[in-house]
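Visitor: Only the shape, not the letters, is given here:
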Ligand SMILES: Nc1ncnc2c1ncn2[C@@H]1O[C@H](COP(=O)(O)OP(=O)(O)OP(=O)(O)O)[C@@H](O)[C@H]1O
């Protein structure tokens with residue numbers, strides 16, 4: 001591509017032969033509260049999700065984990081009745097401020113959902129490239145980015161001989177890794193994952209967990225999980241959310257995963273992580 005032409009959109013990706021830069025962004029949530037209409041569902045969440053780490057959001061159903069996750073890449077505002085207070089900074093930059101457009105925020109902070117959602121009739125390669133299209137990103141090195149993204153998602157070896165086949169022919173676990181690859185094409189700083197293994201069998205789950213482990217040096221990961229073993233296996237930090245009856249969800253405690261599981265400060269954390277409720 002001719003980089004000398006200043007009118008051309010500069011691709012986000014590095015040159016094809018360049019390595020993926022080791023990076024990841026730090027997300028800092030301060031006093032985040034959220035509402036759906038008049039109903040307050042989250043209260044005063046303070047949480048730092050550091051670069052190079054996996055942060056697990058745990059807690060019983062309905063305590064606001066997914067809402068919090070969606071606030072982190074401005075998806076919460078897609079619900080017409082939704083509102084929020086507080087701030088979220090990505091490396092010190094306010095993601096709700098005027099210096100970042102919403103498309104830039106969603107490009108730098110990607111999301112992988114509970115149920116794999118590839119375009120089933122579209123080819124495997126086109127599904128990965130759709131990550132560029134969905135975020136309005138132009139890239140000269142499309143082919144290399146497809147291989148790089150599939151490799152980083154741990155899927156390249158399984159699909160390299162059938163990139164033109166429809167994605168609907170992949171197993172559930174492969175489809176989820178394809179969705180991870182799709183998110184990685186724009187080289188995000190942060191990847192948000194909302195129960196990414198809940199629709200998968202144990203073998204596929206372990207494969208995704210390995211992928212998370214491989215990715216964390218390059219991308220900050222925030223994952224919602226109901227699986228306590230998974231939180232222990234994949235995360236370095238944990239935040240325990242809880243909503244008392246008719247109250248919004250709050251973070252009871254957060255810290256290193258080993259502390260949350262082995263010596264939490266709050267008895268409710270201990271009860272939850274040891275399966276005594278929720
Ligand atoms: N679109 C919505 N409109 C109205 N209320 C909503 C909406 N989405 C979530 N809520 C409510 O907000 C609260 C928090 O929900 P949220 O999905 O964030 O919790 P969660 O901890 O992720 O739950 P789960 O673990 O079951 O996914 C719940 O009371 C839920 O009913």
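Guide: Cool, got the structure. Quick caveat, the model's predicted, so the values are computed rather than measured.
Visitor: helix/strand/coil for residue 207?
Guide: For residue 207, the assignment made with DSSP: H, G, I helix; E, B strand; the rest coil gives helix.
Visitor: Count residues in the vicinity of it, would you?
Guide: Other residues within reach of residue 207, judged by other C-beta atoms under 10 Å, total 20. All C-beta atoms are positioned from the backbone trio N, CA, C, and that covers glycine.
Visitor: nearest spatial neighbour of it, skipping sequence neighbours?
Guide: residue 173 (5.7 Å; C-beta to C-beta, 6 or more residues apart in numbering).
Visitor: okay, the one you found: pLDDT?
Guide: You'll see residue 173 listed with a pLDDT of 94.
Visitor: For it, the count of nearby residues, please.
Guide: 22.
Visitor: buried residues in the helix or strand harbouring it?
Guide: Using DSSP states H and E, residue 173 sits in helix 172-184. Using 16 or more other C-beta atoms under 10 Å as the test for burial, helix 172-184 gives 173-184.
Visitor: and the ligand, which of the residues you listed reach it?
Guide: Here nothing survives when these are matched to the ligand using C-beta under 6 Å from any ligand atom.
Visitor: Closest to residue 226 out of these?
Guide: Comparing these against residue 226 with C-beta to C-beta places residue 176 closest, at 16.2 Å.
Visitor: nearest residue to that closest one other than its sequence neighbours?
Guide: With C-beta to C-beta, 6+ apart, the residue lying closest to residue 176 is residue 116, at 4.2 Å.
Visitor: Run a quick neighbour tally on that neighbour.
Guide: Residue 116, neighbours per other C-beta under 10 Å, totals 23.
Visitor: Per-residue confidence, it, what does it come out as?
Guide: Residue 116 is given a pLDDT of 91.
Visitor: and the gap between it and residue 96?
Guide: 29 Å (C-beta to C-beta, to the nearest Å).
Visitor: again with residue 52
Guide: Distance, residue 52 to residue 96, using C-beta to C-beta: 24 Å.
Visitor: Over to residue 140?
Guide: Taken as C-beta to C-beta, the span from residue 140 to residue 96 is 32 Å.
Visitor: do the same with residue 51
Guide: Taken as C-beta to C-beta, the span from residue 51 to residue 96 is 20 Å.
Visitor: got it, and residue 265?
Guide: Residue 265 is 31 Å from residue 96, by C-beta to C-beta.
Visitor: Looking at those two now, which is surrounded by more residues?
Guide: Taking other C-beta under 10 Å, residue 265 and residue 96 do not tie; residue 96 has more neighbours (15 against 12).
Visitor: check which helix or strand covers the more buried one.
Guide: Judged by DSSP H and E, residue 96 forms part of no helix or strand.
Visitor: and the residue nearest to the spatial centre of the chain, what element?
Guide: Centroid-nearest residue in the chain: residue 192, 1.2 Å away (criterion: C-alpha atoms, centre = their mean). When elements are assigned from DSSP H and E, residue 192 belongs to strand 190-194.
Visitor: close to the ligand, is that strand?
Guide: No - judged by C-beta under 6 Å from any ligand atom, strand 190-194 stays clear of the ligand, getting no closer than 7.7 Å.
Visitor: So which residues make contact with that strand?
Guide: 24-25, 27, 49, 66, 69, 72-73, 90, 108-114, 180, 183-184, 212, 215, 219-224 (C-beta atoms under 8 Å, 6 or more residues apart in numbering).
Visitor: Strands - which of those residues land there?
Guide: 27, 49, 90, 109-112, 220-224 (DSSP state E).
Visitor: Show me the two of those residues that sit farthest apart.
Guide: Longest span within those, C-beta to C-beta: 90 and 224, 18.7 Å.
Visitor: I'd like the distance between the residue nearest to residue 103 when sequence neighbours are not counted and the ligand.
Guide: Using C-beta to C-beta, 6+ apart and skipping the chain neighbours, the partner closest in space to residue 103 is residue 136 (5.8 Å). Separation of residue 136 from the ligand (C-beta to the nearest ligand atom, to the nearest Å): 26 Å.
Visitor: just checking, residue 136 touches residue 101?
Guide: No - Residue 136 lies out of contact with residue 101 (C-beta atoms under 8 Å); the separation is 9.9 Å.
Visitor: Mind giving me the packing neighbours of the helix holding residue 173?
Guide: strand 109-112, helix 124-134, helix 142-152, helix 156-159, strand 190-194, helix 202-215 (3 or more C-beta pairs under 8 Å, 6 or more residues apart in numbering; DSSP states H and E).
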